[in-house]
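> only geometry, no sequence info:
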């Protein structure tokens, strides 16, 4: 199975746990679904000069797979595109237990 890194959260070092049956990675991550708190850009790379893939709006969902420095890597919903977003644009507060 060919996995497109634009739509499948897989890198050489980490992959979405939902892809474990299709790809080997040294680490797998379970997505943390977090709301977008302010307008942000989903980019193809970590830096600000990377190509913009899609605009994220407040209330959109982002499946966080990794936070490193000022960036979060994961899947934007509902587009399904995989990329990097500024972590400060996400509501990263833990979900309340019920």
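Thanks, I have the structure now. Computed from a predicted model, the values in this text were never measured in an experiment.
> Going by neighbour count, list what's buried in stretch 70-88.
Of the residues in stretch 70-88, those buried by neighbour count under the rule 16 or more other C-beta atoms under 10 Å are 71-76, 81-87. In short, each C-beta sits where N, CA and C put it, glycine included.
> what does it contact?
The contact list for stretch 70-88 (C-beta atoms under 8 Å, 6 or more residues apart in numbering) reads 5-9, 11, 16, 31, 33, 36, 40-46, 50, 53-54, 56, 60-67, 90.
> again, 7 Å this time
Judged by C-beta atoms under 7 Å, 6 or more residues apart in numbering, the contacts made with stretch 70-88 from elsewhere in the structure are 5-9, 31, 40, 42-46, 53-54, 56, 60-67, 90.
> same question, stretch 23-30
The contact list for stretch 23-30 (C-beta under 7 Å, 6+ apart) reads 3, 10, 13, 14, 15, 16, 17, 20, 65, 66.
> could you dump the residues you listed to TSV with pLDDT, distance to residue 94 and secondary structure?
Listed next are those as TSV, based on pLDDT from 0 to 100; distance: C-beta to C-beta, whole Å; DSSP: H, G, I helix; E, B strand; the rest coil:
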residue	pLDDT	distance to residue 94	secondary structure
3	91	30	coil
10	97	26	strand
13	97	25	coil
14	98	21	coil
15	98	24	strand
16	98	21	strand
17	98	19	helix
20	97	25	coil
65	99	17	strand
66	98	17	strand
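> Filter those residues down to the buried ones and hand me the ChimeraX line.
Here the buried members of the contacts of stretch 23-30 are turned into a ChimeraX selection, burial being counted by 16+ other C-beta under 10 Å:
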select :10,14,15,16,65,66
